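Engineer: Have a look at this prediction, sequence included:
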Amino acid sequence: MTTPPTSAALADFRVDGALGFWEIAAVRPDRVAVVAADGAETTFGELRARADAVAAGLIGLGLSAGDTVALVMANEPAFLTVQLATSQIGMYLTPVNRHLTALEIAYILDNSDAAVLVTAGVPVALVAEAADLAGLPPERRFAVGCAPGFRDFGELAGPAATGSSPASFSRRVGDTMLYSSGTTGRPKGVRRALRDMTPEQSLSRGLPLMRARYGMPPGPGTHLVVAPLYHAAPNGFALMALHLGQTLVLMDKWDAEQALALVQRYGVTSTHMVPTMFHRLLALPHSVRNSCDLSSLEYVVHAGAPCPVLDKQRMLEWWGPIIFEYYSSTEGGGTAVGPQDWLRHPGTVGRAWPDAEVRILDGAGDEVPAGKVGGVYFHNDIDFEYHKDPEKTAAARHGMFYTAGDLGHLDQDGWLFLSDRRGDLIISGGVNIYPAEVEEALLSHPAVADVGVIGLPDPEWGATVHAVVQPTEDAVAGDDLADEILRFCADRLARFKRPRTLEFRPVPRTLTGKLSRSALRRAVLGEGTD
């Protein structure tokens, strides 16, 4: 277990002697905490008052430590309000991708045992349908602003609106339970045991770890949130920045030119990106790229997908040696690399975190020598389980080590290089898409006899979803059927999961009936190894 840092070691992480958001809000209530996408500002004091009120409101509804609150929300200040509330009363927060379909949202609401749902910036009819399907009572549904079928969010955060003090409550650190898609076609909730400590006790361990793992500098600054807060990494880095006393500037939708303008306008010092964003920034005309003053940037971290070496080199030439990279998963554990080390080892995703260990194992669970590709396994002091799925939890483990299913190799000096982000995984714009989930939806169409889904290389997105469909004997393959099948996906899959392209041909399977993705790739791309 990680040794708790001394008081002196925490000095760099304090603001006027205060550690973490709640203490900072008490000593610097007028400090700007959040700048919304529309430019509206919320101070630390205002955000704490609202978070405390929501915490009291959740307890008033009968919730207690260990219960789950779900969010289906855009990048709104209310997102942070609810997260800060649950994180100080020992509850789980489950942020849900707001681009999912009603069926997909309903599954997560049901599987996570969500006791309360809060939404904002999302079509309420969609969320209401999902809540109905999940059987969530209307009195447990809240929306920011007036929305049919939802209680107003102000009712949950009433004390903050009236100016009265929220009810006292016992403070205990909570956690997020994020859903990581699985190869079986159903997402998995990554659940960690709640720790019996206050938020400040947790931060005294977590903040120094962030610096040790990612090279994240403490101190004052402004953090630009360019990606959805429902994703693990943008969420984690934004919360850490807030706990360092930094101002969060929220973007609700990524736009490369706007991101540069926001860096200049607010003197942004840090941000978290994915390689697709680098690609779009580099695609801007030089006149646009050179029009903004980016000298305030001190720290840029990226992950989420393999980054093309050329794009990384060009970004380092443009922004200088301030770009850090890491490789990790929702389950925990990881590697990281700073800019100078990356230039000496181009293409690496780093060496193991100080509190983690990485091993490369073969199919029998034996460690392989340096340079040989195998499964990437991690071990650290963070334990997890896949919610309500002990079989999948056990399948991800080998002794004290666990894997997210990725393949890679270590060199002689311990630098990790990824060979593949799972044989079947498609990463499009930094978002994981699992073919099995797409295939499940396509197979429910009556004209589809068999289907296989792969990723096609794309210079901007990294990959796009491509479906190979074997139609039934009575179906007529052609453009009309292809259009019909793609329309059919609209009600069953989020937009980012839907096939961009579709073709008709036999789907290769082994003698045991298993889909042969290597044969499928050979047929479509002229390549293929699982």
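Structural biologist: Cool, the structure landed.

Engineer: which element is Gln470 on?
Structural biologist: Element membership for Gln470 (DSSP states H and E) is strand 462-471.

Engineer: residue furthest from the geometric center of this structure?
Structural biologist: Asp474 (42.5 Å; CA atoms, centre = their mean).

Engineer: now that residue: how far from Pro446?
Structural biologist: According to CB to CB, to the nearest Å, Asp474 and Pro446 sit 10 Å apart. Just so you know, the C-beta spots here come from the backbone N, C-alpha and C atoms, and that holds for glycine as well.

Engineer: One more: Ile105?
Structural biologist: From Ile105 to Pro446 the distance is 25 Å (CB to CB).

Engineer: quick one, which of these two is more surrounded?
Structural biologist: Counted by other CB atoms under 10 Å, Ile105 and Pro446 do not tie: Ile105 has more neighbours, with 27 against 9.

Engineer: Who are the contact partners of the more buried one?
Structural biologist: Taking CB atoms under 8 Å, 6 or more residues apart in numbering, we find Ile105 in contact with 72, 96, 126-127, 130, 134.

Engineer: same check, this time on Ala33
Structural biologist: With contact taken as CB under 8 Å, 6+ apart, Ala33 is in contact with 21, 25, 42-44, 46-47, 242, 247-248.

Engineer: before we move on, what about Gln258?
Structural biologist: Contacts for Gln258 (CB under 8 Å, 6+ apart) come out as Met251.

Engineer: how about it, secondary structure?
Structural biologist: With DSSP: H, G, I helix; E, B strand; the rest coil as the basis, Gln258 sits in helix.

Engineer: Report the contact partners of the spatially most central residue of the chain.
Structural biologist: Central residue of the chain (CA atoms, centre = their mean): His231, 2.2 Å from the mean position. His231 makes contact with 304, 431 under the criterion CB under 8 Å, 6+ apart.

Engineer: can you give me phi and psi for it?
Structural biologist: Main-chain dihedrals, His231, degrees, to the nearest 10: phi -90, psi 150.

Engineer: Across the sheet, point out what pairs with Val301.
Structural biologist: His272, Phe324 (DSSP bridges).

Engineer: change the start of the numbering to 482 and stick with it
Structural biologist: Will do, 482 is the new start, and the previous item becomes Val782.

Engineer: Count the neighbours of it for me.
Structural biologist: Around Val782 there are 19 residues (other CB under 10 Å).

Engineer: Show me the shaky parts of the protein.
Structural biologist: 482-489, 639-648, 662-666, 901-904, 991-995, 1008-1011 (pLDDT under 70).

Engineer: so what are the domain limits for it?
Structural biologist: Using automatic domain parsing, the domains assigned to the chain come out as 501-514+522-677, 907-1006.

Engineer: What is the end-to-end distance of the last one?
Structural biologist: In other words, domain 907-1006. One end of domain 907-1006 to the other measures 15 Å (CA to CA, to the nearest Å).

Engineer: related to what we said a few turns ago, out of the contacts of Ile586, flag the one nearest to Leu996.
Structural biologist: Val577 (28.8 Å; CB to CB).

Engineer: which one of the domains of the chain is the most hemmed in?
Structural biologist: domain 501-514+522-677 (a mean of 20; mean count of other CB atoms under 10 Å).

Engineer: May I see the domains of the chain organised as CSV, with distance to Trp834 added?
Structural biologist: Shown next, in CSV, are those (distance: least, CB to CB, whole Å):
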stretch, distance to Trp834
domain 501-514+522-677, 17
domain 907-1006, 21
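
Engineer: Which among those is found nearest to Ala784?
Structural biologist: Ala784 lies closest to domain 907-1006 among the domains of the chain, at 8.0 Å (CB to CB).

Engineer: and Ser810, which of the domains of the chain is closest to it?
Structural biologist: domain 501-514+522-677 (7.2 Å).

Engineer: Just give me how far that closest one sits from the chain centre.
Structural biologist: Taking CA atoms, centre = their mean, to the nearest Å, the mean C-alpha location of domain 501-514+522-677 is offset from the chain mean by 16 Å.

Engineer: For Ile907, give the beta-bridge partners.
Structural biologist: Here Ile907, judged by DSSP bridges, has bridge partners Ile914.

Engineer: Please enumerate the strands of the stretch 482-631 of the chain.
Structural biologist: Using DSSP state E, counting those that start in this stretch, the strands of the stretch 482-631 of the chain run over 513-516, 522-524, 549-554, 573-577, 595-601, 622-624.

Engineer: Figure out which of these is closest to Tyr780.
Structural biologist: Tyr780 sits nearest to strand 513-516 of all the strands of the stretch 482-631 of the chain, at 18.5 Å, using CB to CB.

Engineer: Tell me the strands beside the closest one, with direction?
Structural biologist: strand 522-524 (antiparallel), strand 728-731 (parallel).

Engineer: Would you format those strands as a markdown table with distance to Gly700 included?
Structural biologist: Listed next are the strands paired with strand 513-516 as a markdown table, based on distance: least, CB to CB, whole Å:
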| stretch | distance to Gly700 |
| --- | --- |
| strand 522-524 | 19 |
| strand 728-731 | 13 |
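
Engineer: For Ala534, which of those is the nearest?
Structural biologist: Among these, the nearest to Ala534 by CB to CB is strand 522-524 (13.6 Å).

Engineer: what's next to that closest one, contact-wise?
Structural biologist: By CB under 8 Å, 6+ apart, strand 522-524 touches 510-517, 558.

Engineer: Please enumerate the strands of the stretch 832-981 of the chain.
Structural biologist: Using DSSP E, counting those that start in this stretch, strands in the stretch 832-981 of the chain cover 832-833, 838-842, 855-860, 866-867, 878-879, 882-883, 888-891, 897-901, 907-909, 912-914, 929-939, 943-952.
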